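> from the sequence below, what's the structure:
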Amino acid sequence: METAWLSADEEQAWRAFRRLLIALPARIGRDLARDSGLSAPDYEVLSTLSEKPDRRWALRELAAKMEWSRSRLSHHAARMQARGLIDKEPDPQDARGCLLHLTDDGFGVLERAAPHHVVSVRSRFLEHVSADELAMLRKLSTRIAGLPD
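Next up is the predicted model:
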């Protein structure tokens, strides 16, 4: 097999994108921790659970959405449960699984964190792109991630 090495432009674009994938989440994560005491994974779990009308999500489905292993999410959820942010309940559809439930306390933490998180996203990301660039970025991200349009 012959390797199709990157051109100089491709390599520069890839390195800049790779750096963005590291820098942006780290900076937003630091802001989140400073402003709310939540980690980025905590916020992802809480905000995703809040999307459901009953604030419950099967662990296996949430792990798939977050692209985490069930084990990783289960361990993280246990730490969040110990802090009173979520509860675990038996999953009636999966005897070996569980449902994660966003508690009222967890929802309150999310409500207090969300405004600070939006400020961080705006200042660290949205203020650096035009409306046209944002539309293109959404289109590219959707395509690359394999999401429906």
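
> for this structure, which segments are assigned as helices?
8-36, 40-50, 59-66, 70-82, 104-124, 131-145 (DSSP state H).

> looking at those, which is buried most?
helix 40-50 (a mean of 19; mean count of other C-beta atoms under 10 Å). Quick note: C-beta positions are derived from backbone N, CA and C, even for glycine.

> for that one, name the packing helices and strands.
Applying 3 or more C-beta pairs under 8 Å, 6 or more residues apart in numbering; DSSP states H and E, one finds that helix 40-50 makes contact with helix 8-36, strand 56-58, helix 59-66, helix 70-82, strand 86-91, strand 94-102, helix 104-124.

> got the CA coordinates for the fifth one in PDB?
In this case it means strand 86-91. Output of strand 86-91 as PDB, limited to C-alpha atoms (Å, rounded to 0.1, in the frame of the first residue of the first chain):
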ATOM      1  CA  ILE A  86     -28.200  12.200  39.000                       C
ATOM      2  CA  ASP A  87     -29.800   8.900  40.100                       C
ATOM      3  CA  LYS A  88     -29.600   5.500  38.600                       C
ATOM      4  CA  GLU A  89     -32.700   3.400  38.100                       C
ATOM      5  CA  PRO A  90     -33.300  -0.100  36.800                       C
ATOM      6  CA  ASP A  91     -33.900  -0.100  33.000                       C
END
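
> quick one: buried residues of it?
86-88, 91 (16 or more other C-beta atoms under 10 Å).

> show me the contact partners of that strand.
45-46, 49, 56, 58-60, 77-78, 80-81, 97-103, 106 (C-beta atoms under 8 Å, 6 or more residues apart in numbering).
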